[in-house]
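# I'll drop the sequence and a predicted model, then ask my questions.
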Amino acid sequence: MINHENVNYKQLRDVSSNINNKRLRKSTLIVVLLVAILTISIFTFPLSTTKAYAQSPYSSGYDHGCDDVKIANPDDRYINQPGKGPSYHTGSFMNGYYDGFDSCSDSNTPPTTTSKDTFKIIIEVTNDSFRDIYGGITVSVDHYPDNLFKPAYGIYFPAGETLYKTFSFESSNVPVGTGFEVNIDYGDDYNQRQFGENSPSNKAEVIHFNIP
């Protein structure tokens, strides 16, 4: 005689075993997929970090400065294109630019952005305060019968950052030894003034201000 109770128990046990095996395979597959995803992430992240580091503002500025050395006409250089001047870049970028320009210069190329036909005054303004400030910069170069005057108004000085502004003049109007005056106005009627002179080094003259 067939014991139906034993048969039914065996069938139930087999069904339960199959269900457990399926769950185990499913769990194993999920674990394998998670390990694969984690492994890919580990190897991908350092590559992304390296790429981001290579494109740092300083590195980008250095490359542009080095490239500009090879361009004879200052008007064709990257830094003199609309929307590409010093005021459009961070201090880190411009530091890299100047370093790159100097490093890639040879004995026949001026070591800064000044060429034999252009005299440049680079104004650096560091806002050391905790608030953004608006103001202006004016440059007056000694010249007979009237001084050469160039203003720049409505300038934004971001808190904790350095802004760069370049003023260019024809070298024929500014011989070596010519003096100039730079004024910055900011905030509620605050003013700073510095004097400089076109030196014989054939470099751009750099004037730095600090807003306290």
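Looks like it arrived, so ask away.
# what's the domain layout of the protein?
1-54, 57-108, 114-212 (automatic domain parsing).
# Contacts for the strand or helix carrying residue 122, please.
According to DSSP states H and E, residue 122 maps onto strand 118-127. Contacting residues not belonging to strand 118-127 are listed as 74, 86, 112-114, 133, 137, 139, 155, 157-171, 173-174, 180, 182, 184, 196, 198, 204-211 [C-beta atoms under 8 Å, 6 or more residues apart in numbering]. In short, each C-beta sits where N, CA and C put it, glycine included.
# Can you flag the buried ones in these?
Buried members of these, counted by 16 or more other C-beta atoms under 10 Å: 74, 86, 112-114, 133, 137, 139, 155, 157, 162-169, 171, 174, 180, 182, 184, 196, 198, 204-205, 207, 209, 211.
# Have a look at this structure and report the helix or strand with the lowest mean pLDDT.
Ranked by mean pLDDT, DSSP states H and E, the weakest helix or strand in the chain is helix 4-54, scoring a mean of 60.
# For the very next helix or strand once past it, C-alpha coordinates in CSV please.
Using DSSP H and E, the next helix or strand after helix 4-54 towards the C-terminus is helix 57-69. Output in CSV follows, covering the C-alpha atoms of helix 57-69 (Å, rounded to 0.1, in the frame of the first residue of the first chain):
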residue,chain,number,x,y,z
PRO,A,57,43.2,76.4,-13.6
TYR,A,58,46.9,76.8,-13.1
SER,A,59,47.8,74.0,-15.6
SER,A,60,45.4,75.5,-18.2
GLY,A,61,46.8,79.0,-17.7
TYR,A,62,50.3,77.6,-18.1
ASP,A,63,49.5,76.0,-21.4
HIS,A,64,47.9,79.1,-22.8
GLY,A,65,50.8,81.3,-21.6
CYS,A,66,53.3,79.0,-23.3
ASP,A,67,51.2,78.9,-26.5
ASP,A,68,50.9,82.7,-26.6
VAL,A,69,54.7,83.1,-26.6
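# quick one: contacts of helix 57-69?
77-79, 89-90, 92-105, 109, 113.
# Same question for stretch 147-157.
Applying C-beta under 8 Å, 6+ apart, the contact partners of stretch 147-157 are 87, 125, 127, 132-141, 163, 165, 167, 169, 173-174, 186, 211.
# got the buried residues for it?
Buried residues in stretch 147-157, counting neighbours by 16+ other C-beta under 10 Å, are found at 148, 152, 155, 157.
# Return the distance of the spatially most central residue of the chain relative to residue 85.
Note on the chain: the residue nearest the mean C-alpha position is residue 57, at 3.2 Å, using C-alpha atoms, centre = their mean. Distance, residue 57 to residue 85, using C-beta to C-beta, to the nearest Å: 15 Å.
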